[in-house]
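Engineer: Sharing a sequence plus its predicted fold:
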Amino acid sequence: MTRDGDDAPAAATASRPGVVARSEWRWVGAVSAICLLATILPLVYALCVTPPGKVFLWNNRLDAQDLYTYLSWMDQGARGNLLFRDRFTTESHDRVLFLPLFLVGGWISRLSGLSPPVTYHAFRVLLSAVLLVIAYHWIARLHADVGTRRVALLLVAFSSGLGWLARRWDLPSTDLGIPESITFMSLYQSPLFVASLACMLVIFRGAPGPSQKPTPGRMAAPTGASFALAWIHPYDVVTVLVVGAAWTVLVSLRRRGDGGRDRRGAAIWLSCVTAGALPAIAYNGWITLAEPVFRGWAQMVHAPSPSPLGYGFGFGLLLPLAAFGARDFLRGSDDRRLLPLVWIVAAALLVYAPASFQRRLVHGAHLPLCVLAASGVSRLRAWIAARARAVARRDRLPRGVLAAAAALLLSASNIWMISENVKAYRSGVAPYYLRREYLDAFRWLRESTWPDHAVLSSLATGSFIPGIAGNTVYVGHWGLTLSVHEKKATVEGFFETDQRDEEKQAFLRAMGIVYLFHGEIERRLGPYSPESKPYLERVYGNRLVSIYRYSGAT
């Protein structure tokens, strides 16, 4: 709850759990603005250094391919489709995929007139601001001391691990390779990660407190958030249900002699969260069974966790700080303070569960680590202050100095990642920039062909076509193209020789290919000369790109 009329200097004293003063929100707004500005400025820099004759593609080192997957979904929403297809594979399948986040993103792009990449990043920034507000609400419920709350938000917004150090010895570190493991990198990368984190926090924030009756009004938010989460990022439902079940069992064990109210409240909360997720779980299970394409897609998911050393470096100094502050969460009567501990333990087990998507289950674990680490920072400050008084007779160690130093040290990997993106932008090459002729060719496809018209190109070119032109491609994504390795080899074999025309025509006909995209990358694959083939008609051309229509296409 927020006490709007309280304008007292909140930083000076402790508040009550869940009570947030107006002055605190001003501080939250300032921190959020700085954090979000840090995610925007690299894009502004990239636009400013765009080489002549090229176009910036609005991506970075970690999302160079995934961004155009998301833009493909948004494009389908902007075209008026409620349900989506996988445009990165040519196997026939119905339009059954429901992705509400990108559906809304497509609507916003269409109504606002903004380009899809600009809409994507504007949507990301808006959701990031919402997430940081929700995060502070959750932090305020767990910490009464306003100074500790501020440290927690600083850690959430800016902290990372020791990847900047681990890379010097070629050691694994998740903060440099798994963006969903660090909140700042999630804010920097994708509205998908941001929206799912916000849903998780709303669910956990809705857990009932001591003697709190789980009324329909109180259960509406966590139930609705669970419903949304299951559609937005189903992997996180696993984390939510495991953490929720473990916490409910723990509450039941702690409250055996308390008349059962708190136990019933926790059980009702867990039931509501589970019920909220069931529609999406059932629907996604149905399309996986009913559609071979999506069944194959699910089987292709391969995201194993790195070694524990990778997670150790990935979270870095947050781990000892969280361990130092964990004792504060084991005391008191409010069982909700146990949730961060349960979440951390559950995440440590889930990332090595026997599932193909192990590493995805680390998503969100950074949040409870920061909450505990904030207590660790406060305890460390008190310990240092006590030693300072004993040695130098000083009465105070400024809290802000310690917090700023810790935030700077803990944010080093994020700073390194941004600097690497800046270096990549200075290179002026793909996949961050494409020559304008490519964009002109994509635009021609968008304006002159149908989305279901399949295009044959290299894997690299195919990664952009569904998101920019809106067409289906034979090969274009390591995760969404079925049998991607075999298809990549097939495409390379197609372009590497100018012979076997009957075989190539049979291939184009069997795969339903309508257009062949022939640019610089395709020419580098081999001497194939589409301009000399009677079964291919040149329908578009510029200095770098030619597009041919297969005469046997239906």
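Structural biologist: Looks like it came in fine.
Engineer: which residue packs closest to the residue nearest to the spatial centre of the chain, ignoring adjacent ones?
Structural biologist: The centre of the chain sits closest to residue 193, judged by C-alpha atoms, centre = their mean, with a distance of 2.7 Å. In this structure, residue 193 finds its nearest non-sequential neighbour in residue 186, 3.8 Å apart by C-beta to C-beta, 6 or more residues apart in numbering. Placement of C-beta: from N, CA and C, glycine included.
Engineer: Ramachandran coordinates for the one you found?
Structural biologist: Torsion angles at residue 186 (phi, psi; degrees, to the nearest 10) stand at phi -60, psi -40.
Engineer: Name all residues that make contact with it.
Structural biologist: Residue 186 makes contacts with 179, 180, 193, 194, 197, 363, as judged by C-beta atoms under 8 Å, 6 or more residues apart in numbering.
Engineer: Out of these, which end up buried?
Structural biologist: 179, 180, 193, 194, 197, 363 (16 or more other C-beta atoms under 10 Å).
Engineer: Out of the residues you listed, which is nearest to residue 151?
Structural biologist: Relative to residue 151, the closest of the buried ones among the contacts of residue 186 is residue 197; by C-beta to C-beta it sits at 19.3 Å.
Engineer: got a markdown table for the contacts of residue 186, with distance to residue 435, secondary structure and pLDDT too?
Structural biologist: Shown next, in a markdown table, are the contacts of residue 186 (distance: C-beta to C-beta, whole Å; DSSP: H, G, I helix; E, B strand; the rest coil; pLDDT from 0 to 100):
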| residue | distance to residue 435 | secondary structure | pLDDT |
| --- | --- | --- | --- |
| 179 | 28 | helix | 93 |
| 180 | 32 | helix | 93 |
| 193 | 31 | helix | 96 |
| 194 | 32 | helix | 97 |
| 197 | 37 | helix | 98 |
| 363 | 36 | coil | 97 |
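Engineer: Can you report how many residues lie near the spatially closest residue to residue 65 that is not a sequence neighbour?
Structural biologist: Leaving aside its chain neighbours, residue 65 sits nearest to residue 463 (5.2 Å; criterion: C-beta to C-beta, 6+ apart). Counted by other C-beta atoms under 10 Å, the residues lying close to residue 463 total 25.
Engineer: Over to the one 10 residues further on?
Structural biologist: Taking other C-beta under 10 Å as the criterion, the count of residues near residue 473 is 30.
Engineer: which phi and psi does it have?
Structural biologist: Per degrees, to the nearest 10, the backbone of residue 473 is at phi -120, psi 150.
Engineer: Grab the nearest non-local neighbour of it.
Structural biologist: residue 462 (3.9 Å).
Engineer: Pop out the phi and psi values for residue 511.
Structural biologist: Phi and psi for residue 511, reported as degrees, to the nearest 10, are phi -90, psi 0.
Engineer: Roughly how far does the closest residue to residue 208 other than its chain neighbours sit from residue 309?
Structural biologist: Using C-beta to C-beta, 6+ apart and skipping residues adjacent in sequence, the residue nearest residue 208 is residue 265, 3.8 Å away. Going from residue 265 to residue 309 by C-beta to C-beta, to the nearest Å gives 40 Å.
Engineer: residues contacting the residue lying closest to residue 426 once chain neighbours are set aside?
Structural biologist: The shortest distance from residue 426 to any residue other than its chain neighbours is 6.1 Å, reached at residue 49 (C-beta to C-beta, 6+ apart). Contact partners of residue 49, counting by C-beta under 8 Å, 6+ apart, are 425, 426, 428.
Engineer: By neighbour count, sort out the buried ones in these.
Structural biologist: In these, the ones that pass as buried (16+ other C-beta under 10 Å) are residue 425.
Engineer: And the lowest mean pLDDT element among the helices and strands of the protein?
Structural biologist: helix 399-410 (a mean of 67; mean pLDDT, DSSP states H and E).
Engineer: Give me the buried positions along the helix ranked longest in the chain.
Structural biologist: Ranked by residue count and defined by DSSP state H, the top helix of the chain is helix 261-290. By 16+ other C-beta under 10 Å, the buried positions in helix 261-290 come out as 262-270, 272-274, 276-277, 280, 284, 287-288.
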